[in-house]
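Colleague: next comes the sequence, and after it the predicted model I'd like to discuss.
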Amino acid sequence: MRMMSPEQEWGGCIGDYSLSYKDVEWAQARLRMVAHRTPLSLSRTFSEMTSAAVYLKMENMQKTGAFKIRGAFNKVAALSSRQREKGVITASAGNHAQGVALAAQHFGVHATVVMPAHAPETKVSATKGYGAQVVLTGDNYDEAYEAALELSLQQGATFVHAFDDPDVIAGQGTIGMEIMEDLPSVEDIVVPVGGGGLISGIALAVKQLWPHVRVIGVQPAGSDAGYRSWHSGTLQHIEHPHSVADGLSVKTPGKLTFAMMRRFVDDFVLVSDKEIEQAMCLMLERAKVLVEGAGAAALAALLSERLHLQGRKVAVVVSGGNVDLTRVSGLTAQFVGVK
């Protein structure tokens with residue numbers, strides 16, 4: 001298939017893959033009996049604080065506590081029977097691991113999840129609880145990723161990438177479809193960005209039929225490879241990404257997701273870890289909802305007034321709620337009573 005630059009007119013093809021709204025529709029059909037249709041709820045508190053009509057897309061209420069099950073399930077569902085017989089393998093220290101494990105369990109597929117040697121025991125246990133074989137190796141995600149690729153070649157198992165995969169992207173795009181179905185008058189959708197799979201899927205779904213709706217990406221300042229890539233027009237690499245939003249700490253976005261972000265995303269901003277932590281506390285204090293750092297990043301951007309969306313109807317993607325509870329007491333002590 002002919003390679004296309006991100007700036008070329010959209011014709012259904014990006015990079016080596018063909019992706020369209022139809023792919024997201026297929027993903028929606030596959031997920032209908034599995035994934036939750038999460039609420040899109042108007043927050044009067046955050047609407048008053050930002051002078052915008054703020055609707056929260058609560059993916060923290062999704063199965064496994066995060067949106068990742070959508071892409072993982074769609075990927076495993078799309079495999080041939082022969083591919084399923086050989087199993088799946090992935091690398092992750094968090095939400096993607098649980099999503100792949102649950103999807104594999106549903107289809108009776110053997111799943112191997114490679115996690116860093118020092119991955120939190122709670123996440124290791126949760127992944128094992130869904131029936132996956134967990135391999136602990138490496139000091140960080142990238143070393144676990146390399147080990148997973150090697151195991152995939154040795155075993156002949158299908159590697160399920162956390163974000164740079166067309167079926168995974170299409171699965172995440174179902175969030176965009178649900179937002180538009182539940183709130184057709186939405187004007188802006190604000191999305192947290194790590195490797196870019198979530199925002200690429202949402203933007204693909206939205207821009208095909210509603211090109212006037214703005215899709216805005218948010219990244220932590222300490223993990224801004226996607227932000228730098230989008231603004232520069234070339235893939236950027238960060239050797240040591242760091243953020244309280246560990247789910248967004250990625251060294252570089254995917255080639256496919258980069259092309260899609262460049263084509264479909266309207267704006268891209270950064271937030272500080274302090275702003276993310278404050279948003280986490282406000283969600284807990286005002287909305288009575290516990291969210292992880294990645295899940296609070298989009299709201300943090302809106303609260304910072306960096307987006308200038310006053311008077312507009314805005315959907316904010318709350319991507320997940322799997323936060324280490326040991327962090328909560330420190331956060332609440334720091335920000336209790338924030339107005």
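Modeller: Nice, I can see it.
Colleague: now the helices: where do they sit in the protein?
Modeller: Listed in chain order, the helices of the chain (DSSP state H) span 21-31, 44-50, 68-78, 81-86, 95-107, 121-129, 141-155, 166-182, 197-209, 225-232, 255-264, 273-286, 293-303, 325-335.
Colleague: I'd like those helices laid out as TSV, including distance to Met61.
Modeller: Quick note: C-beta positions are derived from backbone N, CA and C, even for glycine. Below are the helices of the chain laid out as TSV (distance: least, C-beta to C-beta, whole Å):
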stretch	distance to Met61
helix 21-31	15
helix 44-50	17
helix 68-78	12
helix 81-86	29
helix 95-107	13
helix 121-129	16
helix 141-155	26
helix 166-182	12
helix 197-209	16
helix 225-232	25
helix 255-264	25
helix 273-286	13
helix 293-303	11
helix 325-335	18
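Colleague: worst average pLDDT in those helices?
Modeller: Here the lowest mean pLDDT among the helices of the chain goes to helix 325-335, at a mean of 65.
Colleague: and the spatially closest residue to Leu299 that is not a sequence neighbour, what is it in contact with?
Modeller: Sequence neighbours aside, Ala279 is the residue nearest to Leu299 in space, at 4.6 Å (criterion: C-beta to C-beta, 6 or more residues apart in numbering). Ala279 makes contact with Ala296, Ala297, Leu299, Ala300, Leu303, according to C-beta atoms under 8 Å, 6 or more residues apart in numbering.
Colleague: from these, pick the one nearest Arg70.
Modeller: Ala297 (18.4 Å; C-beta to C-beta).
Colleague: does the closest one touch Val190 like I think?
Modeller: No. Ala297 lies out of contact with Val190 (C-beta atoms under 8 Å); the separation is 9.0 Å.
Colleague: what's the closest non-adjacent residue to the spatially most central residue of the chain?
Modeller: Centroid-nearest residue in the chain, with C-alpha atoms, centre = their mean: Leu198, separated by 4.1 Å. Distances taken as C-beta to C-beta, 6+ apart put Gln172 closest to Leu198, at 4.8 Å, once the chain neighbours are dropped.
Colleague: what about the one you found, how many neighbours?
Modeller: Using other C-beta atoms under 10 Å, Gln172 has 30 neighbouring residues.
Colleague: list the contacts of it.
Modeller: By C-beta under 8 Å, 6+ apart, the neighbours of Gln172 are Phe67, Arg70, Gly71, Gly197, Leu198, Ser200, Gly201, Ile202.
Colleague: quick revisit: most tightly packed of the helices of the chain?
Modeller: helix 293-303 (a mean of 30; mean count of other C-beta atoms under 10 Å).
Colleague: now the angle from that one to helix 95-107?
Modeller: Inter-element angle recorded for helix 293-303 and helix 95-107: 120 degrees (by axes from the mean of the first three to the mean of the last three C-alpha atoms, to 10 degrees).
Colleague: how far away is Leu299 from Lys255?
Modeller: Counting by C-beta to C-beta, to the nearest Å, the separation of Leu299 from Lys255 is 29 Å.
Colleague: ok, Asp23 next?
Modeller: Asp23 sits 18 Å away from Lys255, taking C-beta to C-beta as the criterion.
Colleague: again with Val244
Modeller: 27 Å.
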